[in-house]
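This is the structure alone, sequence omitted:
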Ligand SMILES: Nc1ncnc2c1ncn2[C@@H]1O[C@H](COP(=O)(O)OP(=O)(O)OP(=O)(O)O)[C@@H](O)[C@H]1O
């Protein structure tokens, strides 16, 4: 099993191998040289790795300065593709790093040497066969582009079709695996040394990162993504996704249709774009996000081409995001709340989406989020609402209350920020919310469509009947546990503490629900008894007592402010 996959499936830091040790030392040295000696010192690794302290040390206090961000960018660029990509992922996490550093990380670019053609030739022989040249009428040995994982070459098939081949650098897989291994080990050390790293589940972040890199390293995944985009946009006149030539593609070589066009960053720099282009771009991005729930994870201007016929050519589909239907419902709630300036609903939905790392004080969280949302929404015309920035600030706000956003949502927010930024750069007057309206309407219609409601009702019924069947067994067990004192928890770990509190809360709720139902039933039976000839004048009062007790138990169910019931 590859190291990347091991990391994806393992929750413990791996002990680095002897081969990794030299690289580990090199990485620590690079960070020290760029002013991060204090981190290495805090991890108590200086002596172990035998690294020397060179130059100025920025110290922890400088964490919010742009200079720290610039130095971090230099260190990551020096360390190569894995670290550049991880930096790019961190740049989408305002809940993890201060805004000044995020702004610098957003400038991270690959800075790589092209691969020699003899190495490319070796890769093509290994993957397409020794006679690979016979499969092409012509093949351009000068690269069209050289990126961190692969190099792109132009070619012509024997039937005259223009194609490009994305060919992986020969040694990239093992280099990335070794670096991710080190990154994972370092994340474990950082979690032990810094509480923030622990709260943010840095190892979990590295695991997600390893998963997405292992997908980027397998070009068959990119081919699948492209084919899915092609299906989703089969009827669209707005977009063109390159066709894949499967017989000339493997996990390390991707052969696809050549898309002739001008990159969006050039279009923007030339300043010649009509509003219609921004509209097209929004239509494509909104359909991916809101209708398909399957979206391009990196729709920056370098990955979009403007074709001669006005269509948009989509490139680099290795990283994609997904939103399940239930998540899309939350997006509807958020946008609905934004349009209606309903700050309470906006806050509540963010809370429901977040993953708490410690028990959350909901009232304080709500105060903070409402204050943030007010700045962006109240009195601001719809066309001028900066929705991406609002989400970013809300994610930051949530993190101050130890609420982490799930990865699919941070990816979605990043996609919205990129879309908004790009479309505004093309046409500053375009109104993103107005353009989103038809998509939101369609999402709402789908959400309440008879088919969806019927499917949901069936799912609820199945879940409810399962629960009803288990009540006769679980309620007596819960009473036994309660009497035996097994429901008392004594946990120090903050994350576990929360989970246990939530479990405790659910168990308590189940018991109170069972008791109140029993009391209601008792009250009703007693009323029934009262109607018998041997009526006893105290019985109606007995019923009132039972019902009042039932009410009292239920009232306690809704008093848990800090742990609002989640869905
Ligand atoms: N189908 C295509 N048609 C025309 N040009 C293409 C096509 N695919 C890629 N290119 C060119 O190659 C460049 C790099 O391709 P791509 O963005 O897919 O690589 P990358 O994913 O950035 O590489 P890496 O994953 O190694 O960072 C593009 O910016 C574009 O100029």
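Perfect, thanks for sending it. The structure presented is a predicted model; accordingly, all values stated were derived computationally and were not measured. Numbers count the residues shown, from 1 in each chain.

so how many other residues sit close to residue 450?
Applying other Cβ atoms under 10 Å, we find 7 residues neighbouring residue 450. Placement of C-beta: from N, CA and C, glycine included.

Which per-residue confidence value corresponds to it?
pLDDT recorded at residue 450 is 70.

same deal with residue 97?
On the pLDDT scale, residue 97 gets 78.

So it belongs to a helix, correct?
No. Residue 97: not assigned to a helix; according to DSSP: H, G, I helix; E, B strand; the rest coil it is coil.

buried sites along stretch 295-308?
295, 296, 297, 298, 299, 300, 301, 303, 304, 305, 306 (16 or more other Cβ atoms under 10 Å).

Quick check: beta-bridge partners of the last one?
Translated: residue 306. When assigned by DSSP bridges, residue 306 has beta-bridge partners residue 262, residue 312.

isn't it right up against residue 265?
No. Using Cβ atoms under 8 Å, residue 306 makes no contact with residue 265, being 10.6 Å away.

which neighbours do these two share?
Shared contacts of residue 306 and residue 265, defined by Cβ atoms under 8 Å, 6 or more residues apart in numbering, are absent.

Give me the nearest residue to residue 430, chain neighbours excluded.
If you skip the residues right next to it in sequence, residue 430 has residue 278 as its closest partner in space, 4.5 Å away by Cβ to Cβ, 6 or more residues apart in numbering.

near the ligand, which residues of this protein?
Selection of the chain residues close to the ligand by Cβ under 6 Å from any ligand atom yields 110, 144-145, 147-150, 152, 164, 166, 216, 242, 256, 258-259, 302-303, 315-316, 318.

Got a ChimeraX select line for the buried ones in these?
In ChimeraX, a selection of the buried entries from the residues of the chain next to the ligand looks like this (16+ other Cβ under 10 Å):
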select :148,149,150,152,164,166,216,242,256,259,303,315,316,318
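
Looking at the residues of the chain next to the ligand, which are in strands?
Per DSSP state E, strands hold the following members of these: 145, 150, 152, 164, 166, 256.

want to throw these into JSON lines with pLDDT and distance to residue 372?
Shown next, in JSON lines, are these (pLDDT from 0 to 100; distance: Cβ to Cβ, whole Å):
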{"residue": "145", "pLDDT": "91", "distance to residue 372": "40"}
{"residue": "150", "pLDDT": "92", "distance to residue 372": "41"}
{"residue": "152", "pLDDT": "96", "distance to residue 372": "42"}
{"residue": "164", "pLDDT": "98", "distance to residue 372": "44"}
{"residue": "166", "pLDDT": "97", "distance to residue 372": "41"}
{"residue": "256", "pLDDT": "98", "distance to residue 372": "43"}
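
Show me which residues of stretch 149-168 are buried.
149-155, 157, 163-168.

Closest one of those residues to residue 329?
Ranked by distance to residue 329 (Cβ to Cβ), the buried residues of stretch 149-168 are led by residue 149 at 35.4 Å.

ok, now which ones touch the closest residue to the closest one other than its chain neighbours?
Sequence neighbours aside, residue 172 is the residue nearest to residue 149 in space, at 5.7 Å (criterion: Cβ to Cβ, 6+ apart). Contacts here follow Cβ under 8 Å, 6+ apart; on that basis residue 172 touches 81, 148, 149, 150, 217.

show me where pLDDT drops low in the stretch 101-250 of the chain?
In the predicted model of the stretch 101-250 of the chain, residues 111, 199 satisfy pLDDT under 70.

For the stretch 1-150 of the chain, which segments count as helices?
3-9, 18-31, 37-42, 46-49, 66-79, 81-90, 99-105, 117-128 (DSSP state H, counting those that start in this stretch).

of all the buried residues of stretch 295-308, which two lie farthest apart?
Applying Cβ to Cβ across these, the maximum distance is between 297 and 306, 20.9 Å.
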